[in-house]
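>>> Quick one, structure for this:
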Amino acid sequence: MYMIWKMDVHKFMSEITRTALQIITAHGVTKKSEAAEIDAVERELADAGVYKNYDGAKGRLRRALFSYFERYGCLDSAQQLTPIGRAFAENRMSVQEFSYQYVLNYKHEDYYPTHRMLRHLKEHGELSPFYFLMLQQDEILNPENERAIGWDIWCYMLTQSGLMVKNHEKNLIIANWGLAQKSLDFYERRHTRQSLGFPLNTILYGPPGTGKTYSLKKYAAKITGDIGCFTVFTTFHQSYSYEDFIQGLRPVPNAGTMTFAPVDGVFKRIADQAMHDRGNNYVIIIDEINRANISKVFGELITLIEEDKRWGAENELSVTLPSGDTFAVPDNLYIIGTMNSADKSISLIDTALRRRFDFIEIAPNASLIENETMQQVLENLNKELLKELNSTDLLIGHAYFLGKSEADLTNIMNRSIIPLLYEYFFDNEKKVKSIVSKVFESLDFKIIDEKVGRIKIAQRI
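The predicted structure is shown next:
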């Protein structure tokens, strides 16, 4: 919930404004709605006590309330609920929690005013109006195209958030040191996240056996600070669907009958969790990402995962799912996938989706193998494959040989490598036999060809 909202100088979030938001969104009215629809909502706002009477409510919806809720980030530019607006309207967020998130994330140009105030309070114990002016350097008091945001406004918002309170001298002091330290940690983590340099969307690709899945676990740990609960893992396959990943109808037992209800998928669950925990980084790992129909599974994500469309970015976007839920992808959720570059029979990444990911190659690395003979076999194999196929996508990974010795070599070759070579060369035994013979010509192994099956290797006696 990165703030590109505007601070309103007259109104503040309260239970009565929650009621107004609930009424407006229940009717589904927008700035383009008919006059009769707008009038009906304004009458209901008066009846609910949002305004004293109908005369006070008349005309306020278009002139004030839509703009007000857009400024606070509850509605988007199309007057649809944002994720934070939905949480507030559905009573999943208190007024104090909303106010805290607002002042915590409110950003002016390239800095966070609350961060500056908290650092000053930690060092000096209190914040007077004079030092408030100095800290803000008058920048936030007279921002271009916005009303002045003064001391009294900030005091109201900060005290309503539970973060600060006024002392007997009318200066601000910390009301909750635990919350203040949590806020300072949030700013530190945000700064760290921005300086980490990790792409938001990454695919690790390479031939089989290069340790892609192993690598991405370490990669994810660097992003999350090695906090496992901030990482989820899923594997794509041919039957994987949008309903599994984002949201879909699922049968739910209900008093002896069966009904259908929208159930969140793995991606929406972690996206929502990350949205409400903006101080931490979250990661979703998608193993074998190209084994599913990616465009069909991702759906709206093709747009939402772009860096500048993430919630909290300059051009943040949210969408309304078929269930009516508002959905956005926050900028603290990282997507990491793996892709086997050797398997050409499965779905390729289409151009539109490819543009949204950074691709990092995980190549075979023979230097990771301690046993010299095993290392030599891998180097010889890949040298011959590259010469024959003219492609690095179809090499052999080092994982087949890690922690192994010559005693394991026949099993590795006969049960894993040679069957793979037959696939690479479309069962052309002549080519497979030629490559294997060149790999082992200087080693104490021989090729066995019994003519009634595939070739094998065995150690010379």
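>>> Give me the phi and psi angles of the residue sitting nearest the centre point of the chain.
In the chain, the residue lying closest to the centroid (CA atoms, centre = their mean) is L333, at 2.1 Å. The phi/psi pair for L333 (degrees, to the nearest 10) reads phi -110, psi 120.
>>> which stretch of helix or strand covers N280?
According to DSSP states H and E, N280 maps onto no helix or strand at all.
>>> Mind pulling up the pLDDT for the nearest residue to it once chain neighbours are set aside?
Once flanking residues are discounted, N280 sits nearest to F230: 5.8 Å by CB to CB, 6 or more residues apart in numbering. The way it works is simple: take the backbone N, C-alpha and C, and place the C-beta from them, glycine included. Per-residue confidence (pLDDT) for F230: 85.
>>> where are the low-confidence patches of the stretch 101-250 of the chain?
108-110, 135-150, 189-196, 226-229 (pLDDT under 70).
>>> ok, now with 90
101-117, 119-120, 122-123, 127-161, 169-170, 181-200, 204-209, 211-231, 249-250 (pLDDT under 90).
>>> hey, where'd the helices end up in it?
113-124, 129-136, 151-160, 177-196, 212-224, 242-245 (DSSP state H, counting those that start in this stretch).
>>> So for A35, which of these sits nearest?
Checking the helices of the stretch 101-250 of the chain against A35 by CB to CB gives helix 151-160 as the closest, at 33.8 Å.
>>> Show me what that closest one packs onto, helices and strands only.
helix 95-105, helix 113-124, helix 129-136, strand 164-166 (3 or more CB pairs under 8 Å, 6 or more residues apart in numbering; DSSP states H and E).
>>> If we use 6 Å, what do you get?
Other elements packing on helix 151-160 under the criterion 3 or more CB pairs under 6 Å, 6 or more residues apart in numbering; DSSP states H and E are helix 95-105.
>>> What residues of the helix it packs on count as buried?
V95, E97, F98, S99, Y100, Q101, Y102, V103, L104, N105 (16 or more other CB atoms under 10 Å).
>>> just stretch 368-388 next, same as before
Going by 16+ other CB under 10 Å, stretch 368-388 has these buried residues: 369, 371, 373-378, 380-382, 384-385, 388.
>>> cool, stretch 61-68 as well?
Under 16+ other CB under 10 Å, the buried positions of stretch 61-68 are L61, L65, F66, Y68.
>>> Show which residues not belonging to stretch 41-61 make contact with it.
Stretch 41-61 has contacts (CB atoms under 6 Å, 6 or more residues apart in numbering) with I16, T19, A20, I23, H27, V29, I38.
>>> What about those, which one has the most neighbours?
A20 (26 neighbours; other CB atoms under 10 Å).
>>> Using the three-state scheme, assign the closest residue to that residue other than its chain neighbours.
Nearest non-adjacent residue to A20, counting by CB to CB, 6+ apart: V50, 4.6 Å away. Taking DSSP: H, G, I helix; E, B strand; the rest coil as the rule, one finds V50 in the coil state.
>>> how many neighbours does V50 have?
20.
>>> per-residue confidence at it?
85.
>>> What separation do you get for it and M157?
Counting by CB to CB, to the nearest Å, the separation of V50 from M157 is 21 Å.
>>> ditto for T30
On the measure of CB to CB, T30 and M157 end up 28 Å apart.
>>> Looking at those two, which one has more neighbours?
Neighbour count, other CB under 10 Å: between T30 and M157, M157 has more, with 22 against 15.
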